[in-house]
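In: Give me a model of this one.
(2 chains)
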Amino acid sequence: MEIFLQQVVSGLATGGIYGSLALALVMIYQATDVVNYAQGEMAMFSTYLAWTMINAGLPYWAAFVATLAIAFVGGLVIERVVIRPVENAPILTIVIVCIGLLVILNSLAGWIYSYIQKPFPSPFPETPIVIGTVVFGAHDLGAIGVTLVVLVFLYVFFRYTMLGLAMRAAAQNPSSSRLCGIRVGWMLAVGWGLAALVGAVAGMMVAPIVFLDPNMMGGILIYAFASATLGGFTSPGGAVLGGLIVGVVENLVGTYVRFIGTELKLTVALTMILVVLVVKPSGLFGRAVVHRV
Amino acid sequence: MALLEVEGLEAQYGWTKVLHGIRFEVEDGGITTILGANGAGKTTTLRAVCGMVRTAGEIRFDGRRLAGRATEDIVRLGIAHVPEGRGTFMQLTVEENLRLGAYARREKGALAGALTRVYDYFPVLGERRRQIAGSLSGGEQQMLAVGRALMLRPRLLLLDEPSLGLAPLVVREIFRIVRAINREERVGVLLVEQNAATALDLADHAYLLETGRVVMSGPSADLRRDDAIRRAYLGY
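Out: The predicted structure is shown next:
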């Protein structure tokens, strides 16, 4: 029972991280119909920036906040400079641009920081937290907390601010948004900025677990795809919940199904993607998208 | 001086020219209607005013030239466009739809007053304010579209076939409210319609558009008496 609970909690912690990255993917997908394959590498790069600042002596949380700010501006600039010129190009063009961005960021990080794994600090104590007979990792609980704070922030932003409302409107109906005076192009850029910010949080929360290296988000991005597919690419809440489910299932299957262990965990994610696409392609909470032809 | 003056307006989609140099005006506080059959260029005319298609020619609003301005900036000058198909934000609530209508306004506290005003004109929107807009009936969505445009407190209201697909009773109600808005707030209206009888009742000036050219214009009363118009568009 103790093992079960521990695995669930640590699954929720990584699941929250998958969910955050999935949320970043969904935010951009909803606004532009584009899956940003570079989302993981953007998060990785942000995490390296955080590492640089922490190594330079900045307190963890100061570096954390500074990284979020840089990530936001970076995402915004990437949209304006890289994505904007191909905005009206066929979807495949944009996908290729995103993959190009992935390769560039990955190589850039390797070039600057080398491919040697680096430890990344956790802001939470190393001593485990014991509740009853169950031992929880402090970082796991902390990561869950941080993820929740980010989600609440995003929910409040999109639900209750005029800018958030305008961003939702721009994603749904661009031409009608323009008639309301909304600068749709800028809304997309802000969306990229926010997605990059959420991704940066995911990167900084996962780095203490998987160690910092230029390829660290590769596997995480696949889990994020599984999460978004499971929850539905059209549902932000679904993506987060999908992440939690993927995280927990991955952990439990790894623990209780002997032949899978830690080595074949990623297969679980891929299997989930496959099963969802076959059984319910729109995901648990997604809407089936109807296109008029 | 007229509120909206259009001269020599041309517009095209790709290689296809849709408007061939049309001229019309909307008086400050007046109602002008543009009549015509499907494909005559009515919708394109409205889209041209809002900078949504590529155009040539002169469009002046309140003396200012609109050509070359972005749609978002034209809206900020006080032109509200109720587009073809109503432009409803289907997954947002009724009130969120309305709040978006006031997005371009920067005055503090304008929102609450504007909402109350719209709910006064359209009580049914007030009753359904928390409902998802996609769940409204066609008539209610048309009211929502007009309400959203009003939230801007516009000086000119562009209406693209508000009667399309609605029951006659609902059409009459919407036109009654448009007239009230026009009188009480001195909002100029440019109405594009296929339903010529209703449009001529409402408007003081009318233009008849055929394949991108104005073939007839004048006070509504004159056009209504014209035999050719009566046979072709009024059907009696």
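In: ok, now which ones touch B:Ala40?
Out: Residues counted as contacts of B:Ala40 (Cβ atoms under 8 Å, 6 or more residues apart in numbering or on different chains) are B:Leu209, B:Glu210, B:Thr211, B:Gly212. C-beta coordinates here come from the backbone N, C-alpha and C atoms, glycine included.
In: So which of those belong to strands?
Out: Among the contacts of B:Ala40, the ones falling in strands (DSSP state E) are B:Leu209, B:Glu210.
In: Show me which of the contacts of B:Ala40 are buried.
Out: Buried by 16 or more other Cβ atoms under 10 Å in any protein chain shown: B:Leu209, B:Gly212, out of those.
In: In chain B, where's the longest helix?
Out: Ranked by residue count, the top helix of chain B under DSSP state H comes out as helix B:168-185.
In: wouldn't A:Val198 be in contact with A:Phe157 here?
Out: No - between A:Val198 and A:Phe157 there is no contact under Cβ atoms under 8 Å: 11.2 Å.
In: quick one: which of these two has more around it?
Out: Set A:Val198 next to A:Phe157 and count neighbours by other Cβ atoms under 10 Å in any protein chain shown: A:Val198 wins out with 29 against 14.
In: now the stretch 1-150 of chain A, which segments are flagged as low pLDDT?
Out: Applying pLDDT under 70 to the stretch 1-150 of chain A flags no residue at all.
In: Residue of it nearest chain B, please.
Out: Going by Cβ to the nearest Cβ, chain B is nearest to A:Gln30 of the stretch 1-150 of chain A, at 10.4 Å.
In: so that residue is in which element?
Out: Using DSSP states H and E, A:Gln30 sits in helix A:2-32.
In: roughly how far is that helix from the heart of the chain?
Out: 8 Å (Cα atoms, centre = their mean, to the nearest Å).
In: which of the residues in that helix are buried?
Out: A:6-32.
In: Which helix or strand lies directly C-terminal to it?
Out: That would be, after helix A:2-32 and using DSSP H and E, helix A:39-55.
In: On the three-state scheme, B:Val215 is what?
Out: The three-state assignment at B:Val215 reads strand, by DSSP: H, G, I helix; E, B strand; the rest coil.
In: Report the separation between it and B:Ala40.
Out: In this structure, B:Val215 and B:Ala40 are 9 Å apart, going by Cβ to Cβ, to the nearest Å.
In: same deal with A:Trp61?
Out: From A:Trp61 to B:Ala40 the distance is 64 Å (Cβ to Cβ).
In: before we move on, back to that, helices or strands next to the helix holding A:Gln30 in the packing?
Out: In terms of contacts (3 or more Cβ pairs under 8 Å, 6 or more residues apart in numbering or on different chains; DSSP states H and E), helix A:2-32 is packed against helix A:39-55, strand A:134-136, helix A:138-160, helix A:162-172, helix A:184-210, helix A:216-231, helix A:236-256.
In: Can I get these in CSV including distance to chain B?
Out: Shown next, in CSV, are the helices and strands packed on helix A:2-32 (distance: least, Cβ to the nearest Cβ, whole Å):
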stretch, distance to chain B
helix A:39-55, 24
strand A:134-136, 39
helix A:138-160, 10
helix A:162-172, 5
helix A:184-210, 8
helix A:216-231, 17
helix A:236-256, 12
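In: By mean pLDDT, show me the worst of the ones you listed.
Out: When those are ranked by mean pLDDT, strand A:134-136 comes last with a mean of 83.
In: Pull the distance from it to the chain's centre.
Out: 27 Å.
In: So in that sheet, which strands flank that strand, and in what orientation?
Out: Using DSSP bridges, the strands paired with strand A:134-136 are strand A:129-131 (antiparallel).
In: If anything else comes up later, I'll come back, but that's it for now.
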